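Colleague: Whatever this is, show me its structure:
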Amino acid sequence: MQLTLWTYEGPPHVGAMRIATAMKDVHYVLHAPQGDTYADLLFTMIERLPRRPPVTYTTFQARDLGGDTAELFQSAAREAFERFRPQAMLVGASCTAELIQDDPGGLALALDLPIPVVALELPSYQRKENWGAAETFYQLVRRMAGASAPPPGTPRPVRPAGQRPSCNILGPTALGFRHRDDVAEITRLLESLGIEVRVVAPLGATPDDLSRLGEADFNVVLYPEIASIAAAWLQRQFGQPSTKTIPIGAGATREFVAEVAALAGIDDASALAADATSRSLWYSRSVDATYLTGKRVFIFGDATHAVAAARVASRELGFTVVGLGTYSREFARDLREAAALYGVEPLISDDYLEIEARIAEAQPELVLGTQMERHIAKRLGIPCAVISAPVHVQDYPARYSPQMGFEGANVLFDTWVHPLMMGLEEHLIGMFRGDFEFHEDAAPSHLGGARAQPAQPVAAVVEAGGDRSDASGPVKPASWASEAEKELHKIPFFVRGKARRNTERFALQRGVSVITLETLYDAKAHFSQ
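Modeller: Residues are numbered from 1 along each chain as shown. A predicted model of the protein is given here:
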């Protein structure tokens, strides 16, 4: 745990809140001081839920530390049960309350409540939000479904003839990025295959629903950060296989359909026919979309969305991935494997300042990231689209906007391409170059008309350690001869900035102090190889 102005994940008890808030008839009693009672803002202001999260705080104060805080917790738990009458109760401590070691689990069990009580041991100073959500979901699944688990080694019964194959959808939570719409899209896709969706969990599920998870033939894991631990336990206990493919993008959705059909033992032709209704592939091959080819993109987010976004950007839209990273340290291996496919150095970090420096160094033309990368890209004057939590209120739209499935592929195309200046718009800017609004220094329209911030000088990047390891003092950028500057202005303005930066970098690496026409042509030949 560190003190910072921005964090990609909260402490693990926030992950437990996400599970409790996503489910029905579950209540979370959190041993916490007054300052830790901020969950209502997360769910009612950011996600705009029409109800308060099912969380009761003990809200002890400094003066209570000299008294019996254990009795304070038991009173809060008893009153929460009597008031809300949940089917199951979660109990735990916030990062501050963890220090006083009151043992909420033992105190709650001593109350002998007539419902299942799940005690959460979430180490706030070693783990973070997504791990807390995964651990909470796993503990709930194990407690509720464990009673119906067969003895170890029992073969899974064969599905009766004529019965529809069935599955569970695991992973969607409260405060998830487009989880609500993803569930609707994937449910519709599965039903088009003739597969019955038995339980969606944790989003919308009750504790009784969790007790029925073992009845389905297999599990669809949409968000491994949340559901992979629970899915692995279900496979060990009930022999339920689970999907590995994340259906983000048209290509991955086709692979997902094939994987699901194999698990269900059915034909996937009917669902794959729906691919014809996905416009993203045709749009990305159409004439005006050829402007996208080779666009440099930097991607950062949770591991699931970042890896999937890199695949879509590279294979379906023709972008060049110049940066790939995640804050999900538990899934660092998956991201490193993906980064190797694109020949980029993986970035595993939750330090937003380090991430900003890497984005500035990569000089992308598009950033795909979280709410923080949106802020970073705006400061750097780079187009950006949000692809992953954490996000702000505008990324919980009222409209239907999934990220998964064939319709999700359409949404991705629109969301990622619209921040870029399309070819037709460039022709218009060329026609109206003298207009106050359309000129070479105008920022993209989605940045609100503000002048784009200049990119970090090449000399500053080198001085920071990028290109010269033998620098003994401050690195001065090369100056431009008048004839070279004049020649530079013959380059189309929308790529002129990149040509200038490449030439300055070329000159700096070779110790050239004045950029002449010859230097400009040499740099062009060098970067054209």
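
Colleague: unless I'm mixing things up, W131 is touching V14, no?
Modeller: No - applying CB atoms under 8 Å as the test, W131 and V14 come out as separate, 10.9 Å apart. From N, CA and C alone the C-beta is placed, and that goes for glycine too.

Colleague: Could you give the number of residues near the closest residue to H305 other than its chain neighbours?
Modeller: Leaving aside its chain neighbours, H305 sits nearest to S388 (4.0 Å; criterion: CB to CB, 6 or more residues apart in numbering). By other CB atoms under 10 Å, the residues close to S388 number 28.

Colleague: wait, S388 sits on A308?
Modeller: No - S388 lies out of contact with A308 (CB under 8 Å); the separation is 9.6 Å.

Colleague: circling back to that earlier point, pLDDT wise, what is the residue nearest to H305 at?
Modeller: What the model reports as pLDDT for S388 is 96.

Colleague: Check the one 4 residues further on too.
Modeller: Listed pLDDT for H392 reads 90.

Colleague: what separates it from P11, distance-wise?
Modeller: In this view, H392 and P11 are 20 Å apart by CB to CB, to the nearest Å.

Colleague: Check R52 too.
Modeller: 20 Å.

Colleague: rewinding a little: of H392 and P11, which one has the most company?
Modeller: A count of neighbours by other CB under 10 Å puts P11 above the other of H392 and P11, at 22 against 13.

Colleague: so where do the strands sit in the stretch 201-350 of the chain?
Modeller: In the stretch 201-350 of the chain, strands defined by DSSP state E, counting those that start in this stretch lie at 218-221, 296-301, 320-326, 346-348, listed in chain order.

Colleague: Find residues that contact each of W131 and V14.
Modeller: By CB atoms under 8 Å, 6 or more residues apart in numbering, W131 and V14 have no common neighbours.

Colleague: So, low pLDDT: which residues of the stretch 1-150 of the chain?
Modeller: Along the stretch 1-150 of the chain, segments meeting pLDDT under 70 span 1-5, 35-37, 60-68, 97.

Colleague: so which helix or strand takes in the spatially most central residue of the chain?
Modeller: By CA atoms, centre = their mean, the chain has its centre lying nearest to S388, at 2.7 Å. Following DSSP states H and E, there is no helix or strand that holds S388.

Colleague: For R178, see how far away it is.
Modeller: Going from S388 to R178 by CB to CB gives 10 Å.

Colleague: can you pull out the helices in the stretch 401-529 of the chain?
Modeller: Along the stretch 401-529 of the chain, counting by DSSP state H, counting those that start in this stretch, helices occupy 405-417, 423-431, 458-463, 482-488, 493-509, 517-527.

Colleague: Pick the most buried one from those helices.
Modeller: Greatest average neighbour count among the helices of the stretch 401-529 of the chain goes to helix 405-417 (a mean of 22), per mean count of other CB atoms under 10 Å.

Colleague: What helices and strands are in contact with it?
Modeller: helix 179-192, helix 250-264, helix 280-285 (3 or more CB pairs under 8 Å, 6 or more residues apart in numbering; DSSP states H and E).

Colleague: and the angle from it to strand 296-301?
Modeller: 120 degrees (axes from the mean of the first three to the mean of the last three CA atoms, to 10 degrees).

Colleague: Rounded mean pLDDT for helix 405-417, please.
Modeller: The average pLDDT within helix 405-417 is 93.

Colleague: Which residues does that helix contact?
Modeller: Contact with helix 405-417 is made by 182, 185-186, 188-189, 247-250, 253, 274-275, 277-281, 283-284, 289, 292, 309, 312-313, 316-317, 366, 368, 385, 400-403, as judged by CB under 8 Å, 6+ apart.

Colleague: Helix 250-264 and that one, what's the angle between them?
Modeller: 160 degrees.

Colleague: Might you quantify the distance of helix 405-417 from its chain's geometric centre?
Modeller: Relative to its chain's centre, helix 405-417 lies at 15 Å (CA atoms, centre = their mean, to the nearest Å).

Colleague: Was I right to think A88 contacts V26?
Modeller: Yes - at 5.3 Å, A88 counts as touching V26 under the criterion of CB under 8 Å.

Colleague: Distance of the residue nearest to G405 when sequence neighbours are not counted relative to T253?
Modeller: Distances taken as CB to CB, 6+ apart place E185 nearest to G405, at 3.9 Å, with adjacent residues excluded. As defined by CB to CB, E185 lies at a distance of 9 Å from T253.

Colleague: So for the two, which sits in the more crowded spot?
Modeller: T253 (27 against 23).

Colleague: For the more buried one, which non-adjacent residue is closest in space?
Modeller: P247 (4.3 Å).

Colleague: cool, and G318?
Modeller: G318 sits nearest to T293 (CB to CB, 6+ apart), 4.2 Å away.

Colleague: burial of that neighbour, as a residue count?
Modeller: With other CB under 10 Å as criterion, T293 counts 11.

Colleague: Am I right that it is in contact with A313?
Modeller: No - using CB under 8 Å, T293 makes no contact with A313, being 11.6 Å away.

Colleague: related to what we said a few turns ago, quick one: which of the strands of the stretch 201-350 of the chain is nearest G497?
Modeller: Counting by CB to CB, G497 lies closest to strand 296-301 out of the strands of the stretch 201-350 of the chain; the figure is 12.4 Å.

Colleague: Tell me how far that closest one lies from the chain's centre.
Modeller: Using CA atoms, centre = their mean, the offset of strand 296-301 from its chain centre is 12 Å.

Colleague: residues near F137, how many?
Modeller: 28.

Colleague: Quick check: which element contains it?
Modeller: Applying DSSP H and E, one finds F137 within helix 129-145.

Colleague: And for G92?
Modeller: strand 88-93.

Colleague: Could I get the CA-only coordinates of the helix or strand following that strand as CSV?
Modeller: Next along the chain after strand 88-93, taking DSSP H and E as the criterion, comes helix 104-110. The C-alpha coordinates for helix 104-110 follow below in CSV (Å, rounded to 0.1, in the frame of the first residue of the first chain):
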residue,chain,number,x,y,z
PRO,A,104,-14.8,-9.9,12.7
GLY,A,105,-15.2,-13.5,11.5
GLY,A,106,-15.0,-15.0,15.0
LEU,A,107,-17.2,-12.3,16.5
ALA,A,108,-19.9,-12.9,13.9
LEU,A,109,-19.9,-16.7,14.3
ALA,A,110,-20.3,-16.2,18.1
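
Colleague: Please state the offset of helix 104-110 from the chain centre?
Modeller: 35 Å.

Colleague: buried ones in that helix?
Modeller: P104, G105, L107, A108 (16 or more other CB atoms under 10 Å).

Colleague: Which two among those are spaced furthest apart?
Modeller: Greatest spacing in the buried residues of helix 104-110, by CB to CB: G105 and L107 (7.2 Å).

Colleague: which residues are common contacts for those two?
Modeller: Common neighbours of G105 and L107 (CB under 8 Å, 6+ apart) are V91.

Colleague: Now do V321 against V386, distance only.
Modeller: Where V386 is concerned, V321 sits at a distance of 17 Å (CB to CB).

Colleague: One more: Q509?
Modeller: Taken as CB to CB, the span from Q509 to V386 is 36 Å.

Colleague: swap in A39?
Modeller: 23 Å.

Colleague: Is it correct that V312 is in contact with G249?
Modeller: Yes - counting by CB under 8 Å, V312 does reach G249; the two are 3.8 Å apart.

Colleague: which one of those two has more residues nearby?
Modeller: Counted by other CB under 10 Å, V312 and G249 do not tie: G249 has more neighbours, with 29 against 26.
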